[in-house]
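J.: Mind looking at a prediction? Sequence and model below.
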Amino acid sequence: MLAGAATIFLVVLIAIIAVLVLLIFAVIGIYNALVRLRNQVDNAWSQIDVQLKRRHDLIPNLIETAKGYMHHERETFEAITNARAAAMGASNVADAAKAEGALGGALSKFLLVVENYPDLKANQNFLSLQEELTSTENKISFSRQNYNDQVLFFNNKIQMFPSNIIAGMFGFGKRDFFEIENAAEREVPKVSFN
């Protein structure tokens, strides 16, 4: 009888140990998945950051080229310069999104003003810089979409059971989306051939 009780105790002990080992492996697996997702979000932000730096580097060249033609547009140049400085000084995703939205608005206004200067629009250097800026804007848009996809996946993972328990234990926090703050950027462009 004692041998049977010892056998049952041993089976129960082995079962408990097996469950604990499986639980430990599950925690390790979830933790590693969260780290991988967090790193993917950081990498996606780095891709945006690279494109934003490129944008910030192109803007002074574009302005300097335009200044030779646009003598009466000091306010436009100052708005872009101030918006660029704010965007470069942003310390987190939310601030960067807001500052980049303001910079995008200032650039849009600048490009509208350029339409009044046919000589500038014909300048090859200006056209080249404008094309580079347009290309960079497209890359920023693509990178922003990728970043937001990664943030969505990460935020879902840290909020869903059972990974939310592990996320809470190890301090994984929700990440901010890179959202458009400027209402004008949300509007559909109007096309007119008049």
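T.: On my side now, so go ahead.
J.: And the strands in this structure?
T.: Ranges of strands in the chain, per DSSP state E: none exist.
J.: Look through it and tell me its longest helix.
T.: If you go by DSSP state H, the chain has its longest helix at helix 2-67.
J.: Give the other helices and strands that that helix contacts.
T.: Counting by 3 or more CB pairs under 8 Å, 6 or more residues apart in numbering; DSSP states H and E, the packing neighbours recorded for helix 2-67 are helix 74-88, helix 93-114, helix 124-159, helix 163-170. The C-beta positions use only the backbone N, C-alpha and C, and glycine is treated the same way.
J.: Show me the contact partners of stretch 39-46.
T.: Here stretch 39-46 makes contact (CB atoms under 8 Å, 6 or more residues apart in numbering) with 93, 143, 146-147, 149-151, 153-154, 175.
J.: State the number of residues packed around Asn125.
T.: 13 (other CB atoms under 10 Å).
J.: For the chain, give me the ranges with low pLDDT.
T.: 1, 180-194 (pLDDT under 70).
J.: Now the helices and strands packed on helix 2-67 in a markdown table, please, with extra columns for distance to Glu179.
T.: Shown next, in a markdown table, are the helices and strands packed on helix 2-67 (distance: least, CB to CB, whole Å):
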| stretch | distance to Glu179 |
| --- | --- |
| helix 74-88 | 15 |
| helix 93-114 | 6 |
| helix 124-159 | 8 |
| helix 163-170 | 22 |
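J.: what's the closest of the ones you listed to Val21?
T.: helix 163-170 (16.7 Å; CB to CB).
J.: Could you tell me which residues make contact with Asn92?
T.: Asp176.
J.: Next one: it relative to Leu52, how far apart?
T.: Separation of Asn92 from Leu52 (CB to CB, to the nearest Å): 13 Å.
J.: Name the residues of stretch 76-93 that are buried.
T.: Within stretch 76-93, the residues that count as buried by 16 or more other CB atoms under 10 Å are 76-77, 79-80, 83-84, 86-87, 90, 93.
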